[in-house]
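Visitor: Show me the folded form of this:
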Amino acid sequence: MESKDNEKVSYYLPRHEFLEKRLEMFKYIDDGDKRVEGQLEQVNLSLHTFIESQKPMQETMNGLLEETKTMNKNITKQVRRTEKLEDEQERIKVSITTMQKEQTQKVSERNKLILGILGTLAGAGGLVPVLAQIFFN
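Guide: Predicted coordinates:
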C-alpha cells in the first residue's frame with residue numbers, strides 16, 4: 001500500500017523474502033562473531049605467549065632482588081664497620097693529641113727547671129768562679 005500524502009511507503013514482505021533476509025542477517029551476525037572469536041583467540045594466544053616469555057625475566061628479577069637484598073646487607077655491615085673504625089680513629093686522635101700536649105708540657109717544665117737551676121747557679125755569683133777554678137786547675 002502506498003500513501004502519497006505522507007510520502008511514506010509501506011508494503012508487506014512475503015514470508016520467503018522475510019526468511020531469506022532473516023537468514024542473511026543471521027549469517028552476517030555469525031560471520032561477525034567468528035571474526036571476533038578469531039581475533040579473541042589471537043589475542044589470547046599472544047597474551048599467553050607474552051606471559052610465558054616473561055617467566056624467565058621474572059625469575060631473573062627475583063634473582064636480582066635476592067642479590068640486591070644480600071648486597072644491601074653487606075653494605076650495611078660495611079657502613080657499621082666503617083663507623084666503628086671512624087669512632088676508634090677519633091678516639092686515637094684525641095688520645096695522641098692529649099699525649100702530645102702532656103709531652104710538650106713536660107718538656108716545657110723540664111726546660112724551666114734547668115733554666116731555674118742555671119739561673120740559681122749564675123745568680124749565686126761567687127759560685128761560678130769557684131767552680132771554674134776547680135775544673136780548670
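Visitor: Mind pulling up the pLDDT for residue 80?
Guide: You'll see residue 80 listed with a pLDDT of 95.
Visitor: Which neighbouring elements make contact with the helix or strand harbouring it?
Guide: Using DSSP states H and E, residue 80 maps to helix 15-123. Where contact means 3 or more C-beta pairs under 8 Å, 6 or more residues apart in numbering; DSSP states H and E, helix 15-123 is packed against helix 127-136. From N, CA and C alone the C-beta is placed, and that goes for glycine too.
Visitor: ok so residue 12 is a strand residue?
Guide: No. Assignment of residue 12 by DSSP: H, G, I helix; E, B strand; the rest coil gives coil, placing it outside any strand.
Visitor: Distance check, it against residue 21.
Guide: Distance of residue 12 to residue 21, given as C-beta to C-beta, to the nearest Å: 13 Å.
Visitor: The two: which has the busier surroundings?
Guide: Legend: neighbour count by other C-beta atoms under 10 Å for residue 12 and residue 21, higher for residue 21 (11 against 8).
Visitor: what's the more buried one in contact with, if anything?
Guide: Residues in contact with residue 21, defined by C-beta atoms under 8 Å, 6 or more residues apart in numbering, are residue 13.
Visitor: Flag the shaky bits of the protein, pLDDT-wise.
Guide: 1-10, 121-131, 137 (pLDDT under 70).
Visitor: mind running it again at 50?
Guide: 1-2 (pLDDT under 50).
Visitor: Next one: residue 72 relative to residue 82, how far apart?
Guide: 15 Å.
Visitor: And residue 73, by the same measure?
Guide: Relative to residue 82, residue 73 is positioned 15 Å away (C-beta to C-beta).
Visitor: got it, and residue 18?
Guide: From residue 18 to residue 82 the distance is 90 Å (C-beta to C-beta).
Visitor: same thing with residue 69?
Guide: Taking C-beta to C-beta, one finds residue 69 at 20 Å from residue 82.
Visitor: what do you get for residue 120?
Guide: From residue 120 over to residue 82 (counting by C-beta to C-beta), the distance is 56 Å.
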